[in-house]
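Peer 1: Pasting a predicted model and its sequence here:
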Amino acid sequence: MTGLAITPQIASAQTLQEALELTHATNPSLRAQRASLEATSELLPQARSGLMPRINAQAGVTQVLSSSFEAPAQTTAGGSDDVADAAAQIFGAFAGNGSDQTTTAGIEATQPLFQGFRNINNIREARSRISAAEANLRATEQQILLEAAAAYFAVVTNEQSVRASEGSLRALDNQLQAARARFDAGQGTKTDTAQAEARYASAEADLIRARSDLAAARKQFESIVGQMPMSLTAEPVMPELPESLDEAMAIARANNPQLMAARAQLDAARHNLKAARGLLAPTVTANARYQYAEGQFIDGDTSENSSVGAQINIPLFNGGQNYSAIRQARASEKAERFTLDAARRAVDEQTQVAWERVISARAALKASEQTVTANEVALRGLELENRVGQRTTLDVLNGEQELLAARLGRFQAQERYQLAVFSLLQAMGVLNI
């Protein structure tokens with residue numbers, strides 16, 4: 001499968017390739033999807049943080065506003081006031097009366113050693129979520145590029161239709177002037193002139209509609225591509241297609257971004273289920289702590305302590321929350337499996353329908369080209385026979401109308417074929433710039 005190799009017929013014409021590149025760079029929907037991918041990409045460093053140590057620092061200052069200590073009354077005979085004073089100092093110190101301000105600072109580090117493989121599965125799940133987001137971005141890109149190509153083809157078709165309508169109007173004007181001249185010379189009838197006038201007025205109305213359709217197509221082009229179309233290449237070289245439907249189906253199953261996103265979401269759900277099962281496993285954590293205190297008991301005292309250790313936590317019962325989380329993850333995984341099956345069917349259907357449309361559109365385009373050629377020959381014959389009196393003006397007018405209809409049909413058939421080709425590329429997942 002080759003990429004899009006679009007070459008212009010006119011050096012100054014805006015090619016389809018240029019229009020697609022401009023769309024890819026400026027379309028706001030694509031920019032929004034890229035920003036969404038950036039946000040999703042942050043899931044990976046967040047998941048990796050579960051393997052990293054946690055370090056926290058604490059600091060505090062406590063100011064004692066008021067404190068008191070009252071020694072109990074002496075009930076024994078011969079008690080000593082010195083003993084009461086000593087007790088007051090001791091108990092007052094333990095009560096904090098010895099220091100008006102206490103300052104503390106500390107640092108603590110914890111390192112998870114084993115979490116039931118939850119962190120590993122969280123990382124794998126994050127990677128799968130990012131892969132799904134990347135596939136969704138590709139799907140959006142292909143849809144926007146298809147819309148840009150459709151807008152390009154629509155402008156080209158409507159421009160051709162306007163030119164063909166203008167040419168037909170000029171030809172009808174010549175027929176009208178000839179009919180009037182014959183009538184003035186006494187060789188024609190009023191009916192011939194009226195018929196020519198009616199066809200000319202109808203052609204004028206058709207030209208107005210064609211110009212209106214062209215203005216709408218140009219506005220649609222600007223909305224998708226980001227600027228008004230310039231001179232566009234009428235018939236860009238179309239990309240190569242697979243030789244058979246089976247080949248197209250194989251390419252689609254391997255490259256369609258919707259299918260790739262569904263596979264990635266299923267992988268993410270499987271890793272989420274494994275992480276949920278890890279909630280039942282014990283966890284092991286190492287920790288280290290250092291703390292400094294000043295003025296904790298009496299004014300001017302200092303203390304330091306440090307410790308290291310490990311802790312194991314075995315979940316026994318938490319109200320059934322862990323088992324509920326497992327059941328929820330299992331149901332989500334089942335849903336993603338069904339979603340993947342649905343995506344496979346949708347991609348197969350989309351590819352087959354697109355393939356059939358290409359075959360049908362190609363045949364219709366070939367038939368329309370033959371119709372145009374036959375009507376051109378027929379019109380030349382009618383004009384010659386009209387000059388020698390073997391055909392009426394109405395016959396020539398009918399021939400001109402049939403030729404215009406054949407040309408417009410040929411332009412539309414070409415547009416349908418081009419759009420069918422790009423739709424097939426999108427279904428196969430290979431539509432890109």
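Peer 2: The structure has been received and is ready for your questions. These figures come from a predicted structure and were not determined experimentally. Numbers count the residues shown, from 1 in each chain.

Peer 1: In CSV, please show the C-alpha coordinates belonging to stretch 205-223.
Peer 2: Provided in CSV are the C-alpha atoms of stretch 205-223 (Å, rounded to 0.1, in the frame of the first residue of the first chain):
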residue,chain,number,x,y,z
ALA,A,205,-31.5,29.7,-13.4
ASP,A,206,-29.3,26.5,-13.5
LEU,A,207,-26.2,28.7,-13.6
ILE,A,208,-27.4,30.7,-10.6
ARG,A,209,-28.0,27.5,-8.6
ALA,A,210,-24.6,26.1,-9.7
ARG,A,211,-22.8,29.3,-8.4
SER,A,212,-24.7,29.1,-5.2
ASP,A,213,-23.7,25.5,-4.7
LEU,A,214,-20.1,26.5,-5.4
ALA,A,215,-20.2,29.2,-2.8
ALA,A,216,-21.5,26.8,-0.2
ALA,A,217,-18.8,24.2,-1.1
ARG,A,218,-16.1,26.9,-0.8
LYS,A,219,-17.4,27.9,2.6
GLN,A,220,-17.4,24.2,3.7
PHE,A,221,-13.8,23.9,2.4
GLU,A,222,-12.7,26.9,4.5
SER,A,223,-14.4,25.5,7.6
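
Peer 1: Only the buried residues of it, if you could.
Peer 2: 206-207, 210, 214, 217-218, 220-221 (16 or more other Cβ atoms under 10 Å). Backbone N, C-alpha and C define where each C-beta goes, glycine included.

Peer 1: With stretch 317-333 instead?
Peer 2: 322, 325-326, 329, 332-333.

Peer 1: Output those as TSV; include the columns pLDDT and secondary structure.
Peer 2: Below are the buried residues of stretch 317-333 laid out as TSV (pLDDT from 0 to 100; DSSP: H, G, I helix; E, B strand; the rest coil):
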residue	pLDDT	secondary structure
N322	92	helix
A325	94	helix
I326	95	helix
A329	96	helix
S332	96	helix
E333	96	helix
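
Peer 1: quick one: low-confidence ranges for the protein?
Peer 2: 1-12, 66-99, 297-299 (pLDDT under 70).

Peer 1: Now do the strands in it.
Peer 2: Per DSSP state E, the chain carries strands over the ranges 54-63, 101-114, 283-294, 302-313.

Peer 1: Adding distance to S128 and mean neighbour count, write these out as TSV.
Peer 2: Listed next are the strands of the chain as TSV, based on distance: least, Cβ to Cβ, whole Å; neighbours: other Cβ atoms under 10 Å:
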stretch	distance to S128	mean neighbour count
strand 54-63	26	10
strand 101-114	22	15
strand 283-294	24	16
strand 302-313	28	10
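
Peer 1: between those strands, which one is nearest to M238?
Peer 2: strand 101-114 (57.2 Å; Cβ to Cβ).

Peer 1: Export the strands of the chain as a markdown table, with columns for distance to A248.
Peer 2: Formatted as a markdown table, the strands of the chain follow (distance: least, Cβ to Cβ, whole Å):
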| stretch | distance to A248 |
| --- | --- |
| strand 54-63 | 53 |
| strand 101-114 | 49 |
| strand 283-294 | 51 |
| strand 302-313 | 55 |
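
Peer 1: Quick one: the helices in this protein, in order.
Peer 2: Secondary structure of the chain, counting by DSSP state H: helices at 16-26, 28-41, 43-48, 81-94, 118-184, 190-225, 245-255, 257-277, 321-387, 393-428.

Peer 1: I'd like to know which of those is closest to V308.
Peer 2: helix 118-184 (22.1 Å).

Peer 1: what packs against the closest one?
Peer 2: Helices and strands touching helix 118-184, by 3 or more Cβ pairs under 8 Å, 6 or more residues apart in numbering; DSSP states H and E, are helix 16-26, helix 28-41, helix 43-48, helix 190-225, helix 257-277, helix 393-428.

Peer 1: Q63: what's its closest spatial neighbour, skipping adjacent residues?
Peer 2: Counting by Cβ to Cβ, 6 or more residues apart in numbering, Q101 is the residue found nearest to Q63 once chain neighbours are left out, at 5.3 Å.

Peer 1: so that neighbour makes contact with A293?
Peer 2: No. Using Cβ atoms under 8 Å, Q101 is not in contact with A293, being 11.5 Å away.

Peer 1: Pull the contacting residues for the closest residue to Q352 other than its chain neighbours.
Peer 2: In space, and not counting its chain neighbours, Q352 is closest to L245: 6.7 Å by Cβ to Cβ, 6+ apart. Applying Cβ atoms under 8 Å, 6 or more residues apart in numbering, we find L245 in contact with 351-352, 355.

Peer 1: mind checking how far L245 is from M260?
Peer 2: Going from L245 to M260 by Cβ to Cβ, to the nearest Å gives 21 Å.

Peer 1: Next: G381.
Peer 2: Distance from G381 to M260, by Cβ to Cβ: 58 Å.

Peer 1: Of the two, which one has the most company?
Peer 2: M260 (22 against 13; other Cβ atoms under 10 Å).

Peer 1: who are the neighbours in contact with the closest residue in space to the more buried one that isn't next to it in sequence?
Peer 2: The shortest distance from M260 to any residue other than its chain neighbours is 4.1 Å, reached at A135 (Cβ to Cβ, 6+ apart). With contact set as Cβ under 8 Å, 6+ apart, A135 has these partners: 257-258, 260-261, 264.

Peer 1: Repeat the analysis, applying 6 Å as the threshold.
Peer 2: With contact set as Cβ atoms under 6 Å, 6 or more residues apart in numbering, A135 has these partners: 257, 260-261.

Peer 1: can you check R180 too?
Peer 2: T193.

Peer 1: how much distance is there from stretch 120-136 to the middle of the chain?
Peer 2: 16 Å (Cα atoms, centre = their mean, to the nearest Å).

Peer 1: quick one: buried residues of that stretch?
Peer 2: 120-136.

Peer 1: what about dumping the CA coordinates of that stretch to PDB?
Peer 2: Presented in PDB, the C-alpha positions along stretch 120-136 are these (Å, rounded to 0.1, in the frame of the first residue of the first chain):
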ATOM      1  CA  ILE A 120       3.300  -2.900  37.700                       C
ATOM      2  CA  ASN A 121      -0.200  -3.600  36.400                       C
ATOM      3  CA  ASN A 122      -1.100   0.100  36.800                       C
ATOM      4  CA  ILE A 123       1.900   1.000  34.600                       C
ATOM      5  CA  ARG A 124       0.900  -1.500  32.000                       C
ATOM      6  CA  GLU A 125      -2.700  -0.300  32.100                       C
ATOM      7  CA  ALA A 126      -1.500   3.300  31.600                       C
ATOM      8  CA  ARG A 127       0.500   2.300  28.600                       C
ATOM      9  CA  SER A 128      -2.500   0.600  27.100                       C
ATOM     10  CA  ARG A 129      -4.700   3.600  27.800                       C
ATOM     11  CA  ILE A 130      -2.100   5.800  26.000                       C
ATOM     12  CA  SER A 131      -2.100   3.400  23.000                       C
ATOM     13  CA  ALA A 132      -5.900   3.600  22.900                       C
ATOM     14  CA  ALA A 133      -5.700   7.400  22.900                       C
ATOM     15  CA  GLU A 134      -3.100   7.400  20.100                       C
ATOM     16  CA  ALA A 135      -5.400   5.200  18.100                       C
ATOM     17  CA  ASN A 136      -8.300   7.500  18.700                       C
END
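
Peer 1: Thank you, goodbye.
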